[in-house]
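> the amino acid sequence is not available; the structure is as follows:
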């Protein structure tokens, strides 16, 4: 099978034929809009022809696809398919009513014109008619309410979860915690946007999963009932995975639940759906659903990683190592507010260059990183980063951009500070 | 009081308007104040429109090109606030000022001095709101729905100015609606019963009650925010024992009636225009009144349908779904009545009629998407996507705003004494009609395909529709300059309008000369057969 990959947003319209990738590696397993480098320029005529072709291509390609450019997707859970069917049912009913009402208007506009010499009728009420068009809509509405109620009840159906994942929204990333009775076996990680700033600021071509790619995706087994326990650490976010028909607000101080049984392995992408501040548009959700066996391997791997982190935190670091690691941590966690050059966006996001916390006492610096600052956007990173990462980013910001404080802190010291609180 | 004084005057010795700027500053004349409201609203329409074009320019292509996310959020917020509170609401108040006294045969509004206050508060409220763009930290950036805690703990410092501006707008609206209610209930020409009032008067009477009921709720919610921000309370902060969702309940208890405040007077306008150009009496006058009242009542008991995803229990979701679906019944009655009014009429299609017909069709499309949104399981997929954006723009732009444009074209000859340029008017209509649909129809698709609202940048699969939508927005936006030109041209001159203006027009306002004299109905009219069409 061959598929078109279309670049339709850069000045040079390019259409390239490519083979279909493996399903798991492609989000929308049909048409993908993609920027490609190294494609030769086409002449104007060809561009024009392709431009005309574009809408046709989109529509025929998507007619049979799971993913659509113009409609809901069916998704990969029983619930999401029910929702899709319900959506289509209501849509078709609306279409039929629309055809009748607009049809009557159009007929009237054609036939009942003064220019045709029509004399106006004098009727202006009809109890029978008015009762009819009150009763009939009520009947239609009942017809809609029945399947809607049944789908909603299915969604609220209580069931024993096989896996509990706590989903915690932060400005502007997600934290996933795989709840486990044994805290040592609990897996916890932050999932943030992976799309580089260069792509967003148009300094580089946009990748395949532009804005829908994260560093650490949520991983779940298929055919298991996964319960999402959704909350937030700061403002309201909304956890939305369209393919599961799951959308639930993440509200600080409250935990709400939602669940899904994913039937097909694959990569499913969504986004935060509630305005949550500056980077609301930049906190995607990516879920990898995999076979139980693969999932088990992933869990083992994650647990080994945790052990490695334990080791890393325990060792002694050189200042250079800390700075190198710190730059990486900074790029992932801090640039959104404080910017790559450390200048921030005052007053909401203060500058770190030559003023404030990074050039003050180091204890305060560590404290604000661990516990955040109430009433501002500065979060408590103690729950998001490990001790090595905290130590690294503190050391980095104290020595970057000419701050030159010449001091550093070891991960071990961070651990001591955290334990003493 | 005014009415009593006026009766002692001879019609031929009316007070004319004062000279210079004081005419507008001190005026208590309902026509002057109506004009002020309408121009103010038109100015705000352009300011809100510039915000919208900023948004659409950024969304023309994926990637960040024109505005960065901080400014983008300010633009979406200010676009919403300015259009709702600055453009649509004052425009309807302006129409009410001009038309209600003329339609019920009253010499002026009942409380003319308060009328002056309620207008002159607005420039200060909006001046202050717009000035936040130049403040440290920028303008409000938490959406026009300003959900806590984004609008409290995490808000820019300008939030306090925003709260004060909202208080002022609320005071203005409440004074305006008290005036409308008192005028309608007390100053109808002798012999005009409630069920003889033109539908525009009826819809405004009901709207005014909605305003009085919910504006204090809005004032309450912003005051709670103020307390949380400055005085250490924790209404909306979970850390202090409060609940962020409480904010949404209170806000939408205001917010849902608010959206009907913006559409009920539109129903009144369309119910005046369609019979005129169909040359046939409005079908089902009584059921129109009852339907309007039912919609107003229902608006108070459906607020949580804006909050289906906040974690409401099953019983709550079901109740709010059913209650919301019921709104389709009275709304359907209205649409069917308009179609039945057109049916077997003798129609002509002047500009007001074109806008009115487009209103019925496009508002109905907005109604269909509204019905789809009421279905809770499907709403989980639609909520906070561009599908919602498409829905409420369909009911607000070709809904409310088209009805305001229709009203301006319809009554402009009465206001100015001159006919507007019909060819230009029709051109304006077609440009707006195409612009609106090209802008908002594709937004249904991008919403269903999964694009959240209020994002400055988007994944690549949404690129095509966004580009089309942006083109439509610029077409619609720039077409409104033509509207401005047509109005100015009509004020400056043109073919003289007759008293009746439109051969099918019914109502007391068509019995007075064009342009309407500065003072009208100093003695009440006798002929009630004219009162309603």
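Sure thing, it's come through. Remember, predicted model here, so these are calculated numbers, not experimental data.
> for the rest of this, base every contact and every neighbour count on C-alpha atoms.
Fine.
> which residue does the stretch 401-533 of chain B bring closest to chain A?
Nearest to chain A, among the residues of the stretch 401-533 of chain B, is residue B:445, at 4.0 Å (CA to the nearest CA).
> gap between that residue and residue B:201?
Separation of residue B:445 from residue B:201 (CA to CA, to the nearest Å): 38 Å.
> buried stuff in the lengthiest helix in chain B?
Counting residues, the longest helix found in chain B (DSSP state H) is helix B:199-230. Within helix B:199-230, the residues that count as buried by 16 or more other CA atoms under 10 Å in any protein chain shown are B:199-226, B:228-229.
> hmm, that helix touching chain A?
No - if you take CA under 8 Å from any CA of the partner chain as the test, helix B:199-230 misses chain A, and the best it gets is 9.4 Å.
> which secondary structure elements does that helix contact?
Using 3 or more CA pairs under 8 Å, 6 or more residues apart in numbering or on different chains; DSSP states H and E as the contact test, the elements touching helix B:199-230 are helix B:89-104, helix B:159-186, helix B:244-261, helix B:264-278, helix B:285-299.
> residue of the stretch 251-400 of chain A closest to chain B, please.
residue A:281 (4.6 Å).
> with chain A in mind, check whether the helix or strand residue B:317 falls within reaches it.
Residue B:317 is part of helix B:314-326, with elements assigned from DSSP states H and E. Yes - counting by CA under 8 Å from any CA, contacts between helix B:314-326 and chain A involve B:314, B:318, B:322, B:325, B:326.
> tell me what angle that helix forms with helix B:285-299.
With axes from the mean of the first three to the mean of the last three CA atoms, to 10 degrees defining the directions, helix B:314-326 sits at 160 degrees from helix B:285-299.
> run the chain-centre distance for helix B:314-326.
Distance of helix B:314-326 from the chain centroid (CA atoms, centre = their mean, to the nearest Å) equals 27 Å.
> which SSE is immediately downstream of it?
On the C-terminal side of helix B:314-326, the nearest following helix or strand under DSSP H and E is helix B:328-342.
> now for that next one, which elements pack on it?
Under the contact rule (3+ CA pairs under 8 Å, 6+ apart), helix B:328-342 is packed against helix A:78-111, helix A:127-156, helix B:264-278, helix B:285-299, helix B:351-374.
> would CSV of these with mean neighbour count, mean pLDDT and distance to residue B:103 be doable?
Converted to CSV, those look like this (neighbours: other CA atoms under 10 Å in any protein chain shown; pLDDT from 0 to 100; distance: least, CA to CA, whole Å):
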stretch, mean neighbour count, mean pLDDT, distance to residue B:103
helix A:78-111, 17, 96, 29
helix A:127-156, 15, 95, 27
helix B:264-278, 26, 97, 11
helix B:285-299, 19, 96, 16
helix B:351-374, 24, 97, 18
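> out of the ones you listed, which is closest to residue A:217?
Nearest to residue A:217, of all the helices and strands packed on helix B:328-342, is helix A:78-111, at 20.8 Å by CA to CA.
> do that closest one and chain B meet?
Yes - for helix A:78-111, a contact with chain B is found by CA under 8 Å from any CA, at A:83-84, A:86-87, A:90-91, A:94, A:98, A:101-102, A:104-105, A:108-109, A:111.
> need phi/psi at residue A:177.
Here is the backbone geometry of residue A:177 (degrees, to the nearest 10): phi -120, psi 120.
> now do the same contact list for it.
A:165, A:166, A:167, A:186, A:187, A:188, A:189 (CA atoms under 8 Å, 6 or more residues apart in numbering or on different chains).
> looking at those residues, which is nearest residue B:183?
Distance to residue B:183 across the contacts of residue A:177 (CA to CA) is lowest for residue A:167, with 55.7 Å.
> which stretches of chain A have low pLDDT?
Low-confidence segments of chain A (pLDDT under 70): A:1-67, A:420-421.
> can you give me the strands in it?
A:2-7, A:14-19, A:32-33, A:163-170, A:173-178, A:187-191, A:218-221, A:225-232, A:237-241, A:246-250, A:256-261, A:266-271, A:284-290 (DSSP state E).
> gap between residue B:400 and residue B:278?
Residue B:400 is 21 Å from residue B:278, by CA to CA.
> just to revisit the earlier point, could I get the helices and strands packed on helix B:199-230 as CSV with distance to residue A:145?
As requested, those are exported to CSV (distance: least, CA to CA, whole Å):
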stretch, distance to residue A:145
helix B:89-104, 34
helix B:159-186, 37
helix B:244-261, 22
helix B:264-278, 26
helix B:285-299, 18
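> quick one: the ones you listed as TSV, columns for distance to chain A too.
As requested, the helices and strands packed on helix B:199-230 are exported to TSV (distance: least, CA to the nearest CA, whole Å):
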stretch	distance to chain A
helix B:89-104	21
helix B:159-186	13
helix B:244-261	7
helix B:264-278	7
helix B:285-299	8
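> tell me the buried residues within the residues of helix B:314-326 next to chain A.
For the residues of helix B:314-326 next to chain A, buried by 16+ other CA under 10 Å: B:318, B:322, B:325, B:326.
> widest-spaced pair of these?
Between any two of those, the greatest separation by CA to CA is 12.4 Å, found for B:318 and B:326.
> and the strands of chain A: which comes nearest residue A:125?
That would be, of those and by CA to CA, strand A:246-250, which comes in at 46.1 Å.
> relative to residue A:415, how far out is the nearest residue to residue A:369 once chain neighbours are set aside?
Excluding its sequence neighbours, the residue lying closest to residue A:369 (CA to CA, 6 or more residues apart in numbering or on different chains) is residue A:381, at 5.5 Å. In this view, residue A:381 and residue A:415 are 13 Å apart by CA to CA.
> burial of residue A:304, as a residue count?
When neighbours are defined as other CA atoms under 10 Å in any protein chain shown, residue A:304 has 12 of them.
> now it: how far from residue B:321?
To residue B:321, residue A:304 is 48 Å away according to CA to CA.
> and for residue A:397?
From residue A:397 across to residue B:321, the span is 52 Å (CA to CA).
> next: residue B:403.
When distance is defined by CA to CA, residue B:403 is 29 Å away from residue B:321.
> more neighbours, the two?
residue B:403 (30 against 25).
> tell me who's in contact with the more buried one.
Going by CA under 8 Å, 6+ apart, residue B:403 touches B:266, B:267, B:269, B:270, B:355, B:356, B:359.
> state the three-state secondary structure for it.
Look at residue B:403: counting by DSSP: H, G, I helix; E, B strand; the rest coil, its state is helix.
> what does residue B:519 give?
Three-state assignment for residue B:519 (three-state DSSP): coil.
> burial count for it?
19.
> returning to that earlier point: what's the closest of the helices and strands packed on helix B:199-230 to residue B:513?
Per CA to CA, nearest to residue B:513 of the helices and strands packed on helix B:199-230: helix B:89-104, 11.5 Å.
> and that closest one, average pLDDT?
The average pLDDT for helix B:89-104 rounds to 97.
> how far does that helix sit from its chain's centre?
Taking CA atoms, centre = their mean, the mean C-alpha location of helix B:89-104 is offset from the chain mean by 13 Å.
> pull the residues that contact it.
With contacts defined as CA under 8 Å, 6+ apart, helix B:89-104 is touched by B:30-31, B:33-38, B:40-42, B:107-109, B:176, B:180, B:183-184, B:187-189, B:192, B:197-198, B:200-201, B:204, B:261-262, B:265, B:404, B:407, B:507-509, B:520-521, B:531.
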